[in-house]
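S.K.: Compute the structure for the input listed below.
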Amino acid sequence: MSNQRTELINNYIQKVKSANKELTKKEAFKDLLNRLYSGEKEIENIIDKITGGSESTVLNIPRKDKLHRGSADTLYNKIIIEFENNLKVSLKHAKEQLAGYLLGQFKSGEGYNFTLIASDCITWKVFSPDISQLDNLENLTEDELKLNEIASASFTLAENNAEDFYYWIDRFLFREQKQRASLKRIEESFGNQSNVFIESLRELIRHFSEAKKYGEVQVSYQQWRKFLSIAYGAFDDSEKNFLVHTYLSIFSKMLAYSVVSNDDYIDDDALRGIISGSIFNKYNIRNFVENDFFHWISSDRNFPGLKKVFRVIAQETSSYNFNEVDEDVLKGVYQELIDLDTRHSLGEYYTPDWLCERIVNEFQFKAGDKILDPACGSGSFLRAAIHRIRELNPESTVEEINNSICGIDIHPLSVQIAKTTVLLALGKDVAGVRKPIHINIILANTLLAPEGVEKLFGSEFTIHIDSEKLYLNTKIFEDVQLFDEALEICDELAEQSMNVKKETKKTFENNLRRRHKNSELNQKVIDSFYQIYESLKFVKEKGRDSIWRFILQNLYKPYFLKEKFDYVIGNPPWFTYSSIRNEEYQNLLNELAGEYKVKPLRVANFPHLEIAAIFMAHCSSFFYMKTEKYASFYHEVFSVPTTTTTHEAEKQKVFV
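M.R.: You can find the predicted model right below:
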């Protein structure tokens with residue numbers, strides 16, 4: 001910013017401080033704006049609207065006795081400003097005025113997606129309505145509506161922050177320039193006190209009351225609940241939380257599109273492509289959006305009714321520049337919008353960026369090394385690993401870096417968020433790849449290992465597709481390419497034969513052999529996949545399909561990752577055995593604790609065993625590519641005593 005602008009703002013500070021009337025201060029502010037943006041016609045028109053002297057009439061203001069009409073100091077472009085002579089004296093009055101204007105606009109059909117600002121021209125406080133009152137706005141009066149200050153967005157002007165004030169004005173009043181994306185700014189714009197979130201959640205809640213009557217939406221909600229409960233026991237599985245996660249999924253898709261495209265305006269076709277994920281194929285990203293728990297919003301039945309949500313998020317996202325993002329900008333919104341108590345019950349404690357970077361900087365990643373985070377959350381460790389690979393191997397291509405990175409998480413939302421974090425870390429170069437890339441983040445229970453299934457259930461194991469139980473042969477996990485191709489065939493044939501006669505087992509086998517070109521397919525494997533086809537056909541015909549292929553394709557992917565990684569780095573789930581409510585999962589943990597010899601000596605202490613201990617032991621044993629070279633290297637790096645076993649040395653490497 002020029003010295004001239006800094007001088008203009010500092011002169012303005014002196015004028016306002018010496019003034020003792022609200023009108024004089026407003027005139028000084030208008031004069032400042034005209035000087036700062038001289039010659040910029042569009043902004044000059046906005047300045048006239050902001051400080052033109054005539055207040056804007058607001059109808060239907062609900063006061064205690066009846067509806068009133070009033071005049072806001074400034075009301076334009078979804079911004080309401082209440083000017084006061086001294087906020088220290090009249091802040092309460094300013095908030096009540098803002099609440100009245102907001103409710104008046106809402107009752108007049110204008111919604112409530114407004115930026116609310118109270119100012120004495122030195123202090124600028126930004127407010128949003130309390131989320132707990134959103135469902136009852138129709139019945140509130142101005143004295144009842146609670147406004148919460150968004151402290152991180154508010155601004156107090158001083159001589160040492162004149163430059164910051166210029167950009168604050170630009171951001172909140174004009175949005176002349178795209179802002180650099182930072183964790184703090186993204187949290188302010190999309191977090192739980194933001195207008196974008198408040199408006200979006202209200203619309204989602206309204207639409208869901210009808211959408212949940214349909215089977216495919218019911219399945220998405222039920223399976224979302226199941227995935228969180230299998231591993232973590234009790235948590236808040238309310239519809240509201242499901243819709244909060246849906247909002248975050250939409251937001252992550254919009255943000256990802258901003259990363260790979262140069263579009264300043266998103267038309268309806270592009271908007272539909274972003275929500276369904278099809279538009280990412282254009283940029284050679286094949287699996288960024290899958291038919292997951294939040295895919296229901298893209299259907300012909302739901303997309304039109306939620307278009308307002310998509311537009312609100314897209315508009316705010318377009319105001320940011322996501323080039324050269326140097327922190328996990330999604331982490332703040334992710335943490336803020338997943339209820340704090342729920343996060344703790346899930347064992348989710350997020351690792352700060354500086355610590356992720358500190359850990360990966362211990363390692364000398366080589367081109368082609370494979371790195372896994374088996375509890376990846378929002379993807380902070382994966383982001384740090386990508387930057388470290390680039391630092392050490394500047395010649396590595398986007399494709400090579402992406403192929404080095406893999407993440408697993410049981411949280412349905414984490415998968416989409418982590419994919420977006422990885423995409424941000426890879427940057428705009430990802431749009432120029434020659435061959436399609438697959439972002440290797442999968443939704444699965446990391447501790448669900450093939451040995452465990454084999455030991456517990458013999459050569460067969462059970463899965464559920466909706467209410468049907470299937471008994472499948474474990475040999476379907478011996479070839480990952482076959483597994484993916486077979487599931488694709490199952491889904492395609494189920495779609496094609498829906499509501500007509502089912503395909504014969506011979507027809508199914510011929511399709512599978514043509515696709516896989518393997519004449520030695522085991523008959524038990526063919527029979528197992530044919531059962532999956534039959535079950536998928538059944539749920540499609542019942543209107544209860546949308547996510548089953550996605551669940552099957554992801555849930556068992558850890559089976560194919562055994563001993564595939566040079567580095568296993570991450571932050572394991574931190575909760576105790578006693579917090580587990582699912583009996584099947586308890587049995588699995590008990591089995592693994594015994595196998596890895598991490599059970600407490602006293603049985604009475606077993607309920608207090610941290611799952612992180614089992615997690616670390618399993619991941620170092622199962623995923624880590626064991627070689628003498630690496631065992632020796634880590635003895636040296638971490639000064640592990642020479643009597644330490646190789647397995648213990650590996651533990652030093654994992655979850656440092």
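S.K.: what about residue 322, neighbour count?
M.R.: 21 (other C-beta atoms under 10 Å). Backbone N, C-alpha and C define where each C-beta goes, glycine included.
S.K.: check which helix or strand covers the most centrally placed residue in the chain.
M.R.: Nearest to the mean C-alpha position of the chain, by C-alpha atoms, centre = their mean, lies residue 417 at 3.4 Å. For residue 417, the host element (DSSP states H and E) is helix 412-426.
S.K.: Figure out how far that helix is from the centre of its chain.
M.R.: 7 Å (C-alpha atoms, centre = their mean, to the nearest Å).
S.K.: And that helix, what does it pack against?
M.R.: helix 215-232, helix 239-260, helix 380-392, helix 398-404, strand 405-409, strand 441-443 (3 or more C-beta pairs under 8 Å, 6 or more residues apart in numbering; DSSP states H and E).
S.K.: 7 Å instead?
M.R.: helix 239-260, helix 380-392, helix 398-404, strand 405-409, strand 441-443 (3 or more C-beta pairs under 7 Å, 6 or more residues apart in numbering; DSSP states H and E).
S.K.: can you give me the helices for the stretch 451-600 of the chain?
M.R.: For the stretch 451-600 of the chain, helices defined by DSSP state H, counting those that start in this stretch occupy the ranges 480-496, 505-516, 523-541, 548-555, 583-595.
S.K.: Then the stretch 251-400 of the chain?
M.R.: Secondary structure of the stretch 251-400 of the chain (DSSP H, counting those that start in this stretch): helices located at 268-276, 307-317, 331-337, 340-345, 353-360, 380-392, 398-404.
S.K.: quick one on the thing from earlier: okay, the residue nearest to the centre of the chain: pLDDT?
M.R.: On pLDDT, residue 417 comes in at 88.
S.K.: Residue 331 is in contact with that one, correct?
M.R.: No - between residue 417 and residue 331 there is no contact under C-beta atoms under 7 Å: 8.6 Å.
S.K.: any residues in contact with both of these two?
M.R.: Residues within reach of residue 417 and of residue 331 at once, by C-beta atoms under 7 Å, 6 or more residues apart in numbering, are residue 378.
S.K.: In stretch 158-176, which of the residues would be classed as buried?
M.R.: Neighbour counts over stretch 158-176 (16 or more other C-beta atoms under 10 Å) mark 162, 165, 166, 168, 169, 170, 171, 172, 173, 174 as buried.
S.K.: circling back: which one of the helices and strands packed on helix 412-426 lies closest to residue 501?
M.R.: strand 441-443 (33.5 Å; C-beta to C-beta).
S.K.: Nearest to residue 187, out of the helices of the stretch 451-600 of the chain?
M.R.: Proximity to residue 187, assessed across those by C-beta to C-beta, is greatest for helix 548-555 (28.6 Å).
S.K.: how far off helix 412-426 does that closest one point, in degrees?
M.R.: 70 degrees (axes from the mean of the first three to the mean of the last three C-alpha atoms, to 10 degrees).
S.K.: Grab the nearest non-local neighbour of the residue nearest to the centre of the chain.
M.R.: The shortest distance from residue 417 to any non-neighbouring residue, by C-beta to C-beta, 6 or more residues apart in numbering, is to residue 378 (4.8 Å).
S.K.: And for the nearest residue to residue 481 once chain neighbours are set aside, the neighbour number?
M.R.: Of all residues not flanking residue 481 in the chain, residue 516 sits nearest, at 7.4 Å (C-beta to C-beta, 6+ apart). Applying other C-beta under 10 Å, we find 15 residues neighbouring residue 516.
S.K.: got it, and residue 605?
M.R.: 11.
S.K.: Make JSON lines from the helices of the stretch 451-600 of the chain and add mean pLDDT to it.
M.R.: Listed next are those as JSON lines, based on pLDDT from 0 to 100:
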{"stretch": "helix 480-496", "mean pLDDT": "84"}
{"stretch": "helix 505-516", "mean pLDDT": "85"}
{"stretch": "helix 523-541", "mean pLDDT": "87"}
{"stretch": "helix 548-555", "mean pLDDT": "74"}
{"stretch": "helix 583-595", "mean pLDDT": "80"}
